[in-house]
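Novice: Got a predicted structure here, sequence first:
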Amino acid sequence: MSGQCLGFDTSNYTTSAAVFGGETAENRGRLLTVPQGALGLRQSDALFQHVKRLHQMVEELRAAGALGELSAVGASTRPREVEGSYMPCFLVGEGEGRALAAALGVPFYPCSHQQGHVAAAAWSAGREDLLDRPHLAWHLSGGTTELLRVEPEGHTVRAEIVGGTSDIAAGQLIDRAGVLLGLPFPAGKALDELYGRAEAPMEYPVKLNGLTFSLSGMENQVKGLLAAGKAPADIARFTIDTIRGVLLRATREARRRYPGLPLLCSGGVASNRQIRAAMERECGAVFALPQYATDNALGVAILAHRALERGVKG
């Protein structure tokens with residue numbers, strides 16, 4: 001019988017550690033510190049912050065009584081499970097995970113950040129069964145807006161990109177709009193709160209090419225509205241409505257091309273209330289719980305637990 005598994009995820013903007021034991025889960029995470037007005041961090045700065053903070057996440061799990069005897073350790077080691085996918089910040093979670101597993105004499109199970117997102121979303125939505133059947137998934141985050149066709153592969157999943165943005169991600173657009181409005185980075189929650197104060201809906205007709213679209217021109221649209229004196233709430237709604245509109249159109253086309261496949265949504269942008277409500281209502285999408293939509297280590301711990309259950313050699 002499998003036991004408790006510890007997972008690490010040191011992504012570009014969040015340090016997190018999680019414990020999963022088959023039924024119960026605990027995640028502790030903290031956003032990296034981004035200077036006021038900046039649009040992100042250099043990888044060296046992100047890596048340094050992870051080194052300083054990862055042990056604190058484990059200590060918080062211990063203090064909460066969530067950390068018992070470990071049977072395996074897992075970590076996200078790269079953004080996607082494809083050749084050439086690499087980010088230095090993931091070295092922190094991988095290095096500490098491998099060292100801890102070796103010290104405890106337990107298996108170490110690597111996975112990709114994206115695989116972790118899918119696993120956390122499926123489990124938190126009460127649909128862990130999706131990890132064992134083909135489905136479609138949106139990974140909507142600060143650095144990724146990808147429509148995936150996901151298939152089970154052993155204890156984890158294999159994801160093929162079938163659509164999404166050809167340039168900047170939806171989360172990048174939201175953050176850039178937020179910084180232009182003087183909001184803190186990342187700006188998703190602040191734009192979501194401003195949305196309800198908008199006086200009138202506005203939407204930019206983003207061109208959809210199959211299942212692919214471009215959002216780079218939207219930043220200039222936001223700058224134009226700001227220069228014209230539009231209210232921040234109206235600009236927030238314009239940004240979110242435009243993203244929501246093109247996501248809905250792309251999803252409808254994907255459902256036509258891949259009939260019968262369930263749709264799972266994860267990533268920080270997936271926690272936006274307007275996008276979530278529209279995708280649930282019009283596309284029957286399944287969403288991660290908000291606390292597990294953003295970057296977190298829960299999916300990493302879940303996949304380690306699945307590997308342990310299946311007797312995969314670490």
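Specialist: Received, thanks.

Novice: What residues does D175 make contact with?
Specialist: L39, G40, G142, F185, P186, A187, G188 (Cβ atoms under 8 Å, 6 or more residues apart in numbering). Quick note: C-beta positions are derived from backbone N, CA and C, even for glycine.

Novice: Return the closest of those with respect to R197.
Specialist: A187 (15.3 Å; Cβ to Cβ).

Novice: That closest one is in contact with A177, isn't it?
Specialist: Yes - the pair A187 / A177 is scored as a contact, 6.9 Å apart, by Cβ atoms under 8 Å.

Novice: the more surrounded of those two?
Specialist: A177 (27 against 24; other Cβ atoms under 10 Å).

Novice: helix, strand or coil for the more buried one?
Specialist: Of the three states, A177 takes helix under DSSP: H, G, I helix; E, B strand; the rest coil.

Novice: returning to that earlier point: now the contacts of D175: which count as buried?
Specialist: Buried members of those, scored by 16 or more other Cβ atoms under 10 Å, are G40, G142, F185, P186, A187, G188.

Novice: and those as CSV, adding secondary structure?
Specialist: Listed next are the buried ones among the contacts of D175 as CSV, based on three-state DSSP:
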residue, secondary structure
G40, coil
G142, coil
F185, coil
P186, coil
A187, coil
G188, helix
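
Novice: Save these as TSV, and put in distance to N209 too.
Specialist: Listed next are the buried ones among the contacts of D175 as TSV, based on distance: Cβ to Cβ, whole Å:
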residue	distance to N209
G40	27
G142	23
F185	30
P186	28
A187	27
G188	26
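
Novice: which one of the contacts of D175 is nearest S266?
Specialist: Nearest to S266 among the contacts of D175, with distances taken as Cβ to Cβ, is G142, at 12.8 Å.

Novice: Now do the same contact list for that closest one.
Specialist: Contacts of G142 by Cβ under 8 Å, 6+ apart are N12, Y13, A169, G171, Q172, D175, P186, G268, V269.

Novice: quick one: contacts for the closest residue to A169 other than its chain neighbours?
Specialist: Spatial nearest neighbour of A169, excluding adjacent residues (Cβ to Cβ, 6 or more residues apart in numbering): T145 at 4.3 Å. Neighbour list for T145: W138, H139, G164, T165, A169, A170, G171, L215, V269 [criterion: Cβ under 8 Å, 6+ apart].

Novice: again with S166
Specialist: N209, T212, F213, S214.

Novice: For it, give me the pLDDT.
Specialist: What the model reports for S166 is a pLDDT of 95.

Novice: where's stretch 169-177 relative to the chain centroid, distance-wise?
Specialist: 14 Å (Cα atoms, centre = their mean, to the nearest Å).

Novice: ditto for stretch 103-118
Specialist: 16 Å.

Novice: Name the residues of that stretch that are buried.
Specialist: Counting neighbours by 16+ other Cβ under 10 Å, the buried set in stretch 103-118 is 106-118.

Novice: Give me the contacts around the helix or strand containing A101.
Specialist: Using DSSP states H and E, A101 maps to helix 90-104. With Cβ under 8 Å, 6+ apart as the test, helix 90-104 has contacts from 6, 8-11, 47, 50-51, 54-55, 70, 72-79, 107-108, 110, 113, 297, 314.

Novice: right, and the helix or strand after it?
Specialist: strand 108-112.

Novice: which residues in this protein form strands?
Specialist: 4-10, 14-20, 25-31, 70-78, 108-112, 135-140, 145-153, 156-165, 208-209, 212-213, 263-266, 286-287 (DSSP state E).

Novice: Let me have the ones you listed in JSON lines, extended by distance to A278.
Specialist: Shown next, in JSON lines, are these (distance: least, Cβ to Cβ, whole Å):
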{"stretch": "strand 4-10", "distance to A278": "28"}
{"stretch": "strand 14-20", "distance to A278": "26"}
{"stretch": "strand 25-31", "distance to A278": "26"}
{"stretch": "strand 70-78", "distance to A278": "29"}
{"stretch": "strand 108-112", "distance to A278": "28"}
{"stretch": "strand 135-140", "distance to A278": "12"}
{"stretch": "strand 145-153", "distance to A278": "16"}
{"stretch": "strand 156-165", "distance to A278": "17"}
{"stretch": "strand 208-209", "distance to A278": "16"}
{"stretch": "strand 212-213", "distance to A278": "16"}
{"stretch": "strand 263-266", "distance to A278": "11"}
{"stretch": "strand 286-287", "distance to A278": "11"}
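
Novice: Out of the contacts of S166, who's the most crowded?
Specialist: Among these, the one with the most neighbours (other Cβ under 10 Å) is F213, at 21 neighbours.

Novice: contacting residues around it?
Specialist: Counting by Cβ under 8 Å, 6+ apart, F213 makes contact with G164, T165, S166, V206, K207, V246, A250.

Novice: so what's the residue nearest to A169 bridging to?
Specialist: L140 (DSSP bridges).
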